[in-house]
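Engineer: could you work out the structure for the sequence below:
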Amino acid sequence: MKIALIAHDKKKAEITELAIKYKEVLAEHELYATGTTGTLIMGETGLTIHRMKSGPLGGDQQIGAMLADGDLDLIIFLRDPLTAQPHEPDVSALLRLCDVQKIPLATNATSAVVMLEALENKIYFA
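Structural biologist: Have a look, this model is predicted:
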């Protein structure tokens with residue numbers, strides 16, 4: 001599967017912790033991430049990740065283009081719902097594309113765990 005990992009600034013530690021915990025699961029898949037998130041996860045896990053630009057600099061749109069082309073199977077996007085994001089229209093477009101393309105999307109750590117556990121147990125939803 002092709003999996004995108006994205007996190008707002010206040011959620012970067014949380015997504016990194018998830019990547020560490022599920023490193024073996026994630027290692028079986030092709031990973032993509034926005035800039036800083038990808039760098040942090042690679043540094044902590046040693047996983048190979050295709051890095052896009054930072055979210056506010058177009059990384060969300062790059063992930064969105066992959067979604068629109070059918071090139072992603074799962075998105076883990078840990079969002080910070082309590083902080084206004086300057087690139088909120090890009091975020092909304094990405095979420096909408098997940099719905100349009102019927103791509104599973106985790107927007108918080110609990111839903112990400114459910115999806116990662118499903119992958120670990122070879123229960124696929126695509």
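
Engineer: helix or strand right after the helix or strand of the chain with the lowest mean pLDDT?
Structural biologist: Lowest on mean pLDDT, DSSP states H and E among the helices and strands of the chain sits helix 88-101, with a mean of 86. Counting by DSSP states H and E, the element after helix 88-101 in chain order, helix or strand, is strand 105-106.

Engineer: run the chain-centre distance for that next one.
Structural biologist: Offset of strand 105-106 from its chain centre (C-alpha atoms, centre = their mean, to the nearest Å): 8 Å.

Engineer: which other helices and strands does the first helix or strand past that strand going along the chain contact?
Structural biologist: Counting by DSSP H and E, the next helix or strand C-terminal to strand 105-106 is helix 109-120. If you count contacts as 3 or more C-beta pairs under 8 Å, 6 or more residues apart in numbering; DSSP states H and E, helix 109-120 packs onto helix 12-21, helix 23-26, strand 74-78, strand 105-106. No exception for glycine: its C-beta is placed from N, CA and C like everyone else's.

Engineer: against residue 2, how distant is residue 29?
Structural biologist: As for residue 29, its distance to residue 2 is 7 Å (criterion: C-beta to C-beta, to the nearest Å).

Engineer: should've said residue 84
Structural biologist: For residue 84, the distance to residue 2 - C-beta to C-beta - is 30 Å.

Engineer: the two: which is more packed in?
Structural biologist: residue 2 (17 against 6; other C-beta atoms under 10 Å).

Engineer: which residues are in contact with the more buried one?
Structural biologist: Residues near residue 2 by C-beta atoms under 8 Å, 6 or more residues apart in numbering: 29, 30, 31, 32, 66, 71, 72, 73, 74.

Engineer: tell me how many other residues crowd residue 104.
Structural biologist: Residue 104 has 19 nearby residues by other C-beta under 10 Å.

Engineer: quick check: phi and psi on it?
Structural biologist: When read as degrees, to the nearest 10, the backbone of residue 104 gives phi -60, psi 140.

Engineer: how close does it get to residue 68?
Structural biologist: Applying C-beta to C-beta to residue 104 and residue 68 gives a distance of 16 Å.

Engineer: name the residues that touch stretch 52-69?
Structural biologist: With contact meaning C-beta under 8 Å, 6+ apart, stretch 52-69 is reached by 2, 4, 6, 8, 32-36, 38, 72, 75, 85-87, 90-91, 93-94, 97-98, 101, 103.
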